[in-house]
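Colleague: After the sequence you'll find the predicted model.
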Amino acid sequence: MKAVFLESALRDLPPSDRALFQSFGAGPVRTPPFHHIHHAVEKQAVRQPDRTAVEHLGESMTYAELNRRAELLAEFLIRAGVRPGDRVGLFLTRSISMVVGILGVLKAGAAYVPQDVRIAPEVHLRHIVRTARIDFVLTTSAHELPDDLGKIIAIDRVPDATSFCRTITEDSDIAAVIFTSGTTGRPNGVQVSHANLCNVLLTAPGSLQITPGTRVSQLLNIAFDMAMWEVLGTLANGGTLVIRSDDIEQTARTVDVVIATPSVLASLDPAVCQGVRTVAVAGERCPQALAETWSRQAVFHNSCGPTEVTIVNTVQRYRPGGQLTIGRPVPNTTVYVLDENLRPCRIGQIGEMWAGGVCVTAGYLGDPELTAERYRPDPFLGGEHRMFRTRDLGRWTRDGQLEHHGRTDDQVKVRGFRVELDAVTSALERAVDCARATTLLHNGKLVGFISPAGAVPEQARRAVAERLPYYCVPTLIVPVDTLPTTDRGKVDRRALLSRLDGQEETVA
């Protein structure tokens, strides 16, 4: 079964497209087995108490011990004054204590707000504490935080207790607040609910067929929404979470499942990671060649979706030799391709993607104006449903797959023509010696970066000229060893632009 769209919202479409807009745009109806994500983890602790839940740098913890430590931390937080619905900072780095902290906060009925203290500057942490109204901050004894951020609690120094009386509290609707980079120049706190998480992590394909004994890597920045897929997706389905060391590949070679951005995945050698049987990528455009390479040895999922629609809301199972798309809506969610007046586009027409259903988060914390701008009433589902403006451009193929066509904020004007940067990047990667690429606008001109450094600019230029209009051909094409990445594993466009300042003639 699928959700039924209101006829009144489809009146601008011809009858032949109405049925397809409905059929393609609604994911299957599924019932997640839990309403709160930590309840799924607690069930695993009952079913398999002695199985390893988490590993890091030679240390490990069973499900029973993880659950006990999280219960202890939850009670400590409650007695310290944390109340249901509160937000608790989780300012630390990857560790077993990080996992204990996440579950402890959820068990206390609060929402966790994660940040990697190695990377986040103090001014950023202060903005988050102020915006989220955080009174308590969890960390570990390895980190020193400013005293006036709030009441600091070191997870690894919480007094142990073999027996204690748990205070019963209500569960919160909100599980986490994830701060995105934002489009307004300041970080925006997205409120992700338990219902959002259970829907994507406890149903296929988002569950990634993780079962007891499945080893899943934890490679990504803990402040990144995809880290929830790694951590909570693993533990809620009974797998073993393998937290990375400084050597990402050393960790990836020991696991069955890798969840990553394409940039992070590109740093791994499939020949070294022979045990990996499932790969899921999201967060940025995936090169066809990368999908082709990994899909030969693993089940490969190409996914798409901003934080505001809970990690990912469309997924494609890519098979070798196929057409790479971003797939179809995950269960209990919807995708609409709309024009600038929010009217449905015809099948095959490019428009802006809006997402609806259970994936839609609770809005931006403390910013009702921005929430009202990006989260709108859903005319297709009606009632109190809301849809979210993703700013991604896409179109439906005739067999119901979503093709990604860049972002509205990636459309630039060159010589008076509108150019989609992702389209140019995709054409650059068609050059035989180009593994990865990206395209930027610099001083009104298109600049392409191609990797590896041995790739020939003229071949890349020809690849674009053969596929796109003349105004899409980059003025400058720069070979680099690797494309730099941000702390969240995406291509760092600012770093690439800084390379061009004062160097354009030399590079050219």
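Modeller: On my side now, so go ahead.

Colleague: If you count neighbours, what's buried in the lengthiest strand in the chain?
Modeller: Assignment by DSSP state E gives strand 386-396 as the longest strand of the chain. Residues 386-396 are the ones in strand 386-396 that count as buried (16 or more other Cβ atoms under 10 Å). Quick note: C-beta positions are derived from backbone N, CA and C, even for glycine.

Colleague: List the contacts of residue 231.
Modeller: Each residue near residue 231 by Cβ atoms under 8 Å, 6 or more residues apart in numbering is listed here: 98-99, 102, 218, 241.

Colleague: any idea which of those residues is the one closest to residue 327?
Modeller: Residue 327 lies nearest to residue 218 out of these, by Cβ to Cβ, at 24.0 Å.

Colleague: follow-up on the earlier one: quick one: which of the contacts of residue 231 sit in helices?
Modeller: Those of these mapping onto helices are 98-99, 102, per DSSP state H.

Colleague: Include pLDDT, distance to residue 301 and neighbour count when you put those residues into CSV, please.
Modeller: Shown next, in CSV, are the ones in helices among the contacts of residue 231 (pLDDT from 0 to 100; distance: Cβ to Cβ, whole Å; neighbours: other Cβ atoms under 10 Å):
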residue, pLDDT, distance to residue 301, neighbour count
98, 98, 25, 25
99, 98, 24, 27
102, 98, 24, 28
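
Colleague: As TSV, these with distance to residue 79 would be great.
Modeller: Shown next, in TSV, are those (distance: Cβ to Cβ, whole Å):
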residue	distance to residue 79
98	22
99	22
102	19
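
Colleague: for the contacts of residue 231, which one is nearest residue 418?
Modeller: Of all these, residue 418 sits closest to residue 218, with 40.2 Å by Cβ to Cβ.

Colleague: what sits opposite that closest one in the beta ladder?
Modeller: Note on residue 218: beta-bridge partners residue 243, judged by DSSP bridges.

Colleague: That one is in contact with residue 227, isn't it?
Modeller: Yes. In terms of Cβ atoms under 8 Å, residue 218 counts as a neighbour of residue 227; the distance is 7.1 Å.

Colleague: quick one, helices of the stretch 151-300 of the chain?
Modeller: 194-201, 226-236, 248-252, 262-266, 288-295 (DSSP state H, counting those that start in this stretch).

Colleague: and residue 126, how many neighbours does it have?
Modeller: 13 (other Cβ atoms under 10 Å).

Colleague: what's it in contact with, if anything?
Modeller: 146, 149.

Colleague: about what we covered before: now for the buried residues of strand 386-396, which pair is the farthest apart?
Modeller: It's 386 and 395 that sit farthest apart of those, by Cβ to Cβ, at 23.3 Å.

Colleague: circling back: nearest to residue 498, of the helices of the stretch 151-300 of the chain?
Modeller: helix 262-266 (17.7 Å).

Colleague: which one among the ones in helices among the contacts of residue 231 gets closest to residue 254?
Modeller: residue 99 (17.5 Å).

Colleague: Spatially nearest residue to that closest one (excluding sequence neighbours)?
Modeller: residue 54 (5.2 Å; Cβ to Cβ, 6 or more residues apart in numbering).

Colleague: was I right about the one you found contacting residue 230?
Modeller: No. Under the criterion of Cβ under 8 Å, residue 54 makes no contact with residue 230, lying 11.0 Å away.

Colleague: Find the residues that touch each one of those two.
Modeller: residue 241.

Colleague: how many other residues sit next to residue 338?
Modeller: 17.

Colleague: Return the distance of it relative to residue 352.
Modeller: Distance of residue 338 to residue 352, given as Cβ to Cβ, to the nearest Å: 6 Å.

Colleague: One more: residue 246?
Modeller: Residue 246 sits 40 Å away from residue 352, going by Cβ to Cβ.

Colleague: who's more crowded, the two?
Modeller: Using other Cβ under 10 Å, the more surrounded residue of residue 246 and residue 352 is residue 352, with 20 against 7.

Colleague: Validate this expectation: that one resides in a helix.
Modeller: No. Residue 352: not assigned to a helix; according to DSSP: H, G, I helix; E, B strand; the rest coil it is strand.

Colleague: ok now do it, which residues does it touch?
Modeller: 337-340, 389-394, 408.

Colleague: residues touching residue 102, list them.
Modeller: With Cβ under 8 Å, 6+ apart, residue 102 has these contacts: 90, 112, 114, 231-232.

Colleague: got the CA positions of stretch 7-24 in CSV?
Modeller: Output of stretch 7-24 as CSV, limited to C-alpha atoms (Å, rounded to 0.1, in the frame of the first residue of the first chain):
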residue,chain,number,x,y,z
GLU,A,7,-7.0,14.9,-6.1
SER,A,8,-7.3,18.6,-5.7
ALA,A,9,-3.4,18.9,-5.5
LEU,A,10,-3.1,17.0,-8.8
ARG,A,11,-5.6,19.0,-10.9
ASP,A,12,-2.8,20.8,-12.9
LEU,A,13,-1.5,17.4,-14.3
PRO,A,14,-2.9,15.6,-17.3
PRO,A,15,-4.7,12.3,-16.2
SER,A,16,-1.9,10.2,-17.6
ASP,A,17,0.7,11.8,-15.3
ARG,A,18,-1.5,11.9,-12.2
ALA,A,19,-1.3,8.2,-11.6
LEU,A,20,2.5,8.1,-12.2
PHE,A,21,3.0,11.2,-9.9
GLN,A,22,1.2,9.3,-7.2
SER,A,23,2.8,5.9,-7.9
PHE,A,24,6.4,7.2,-8.1
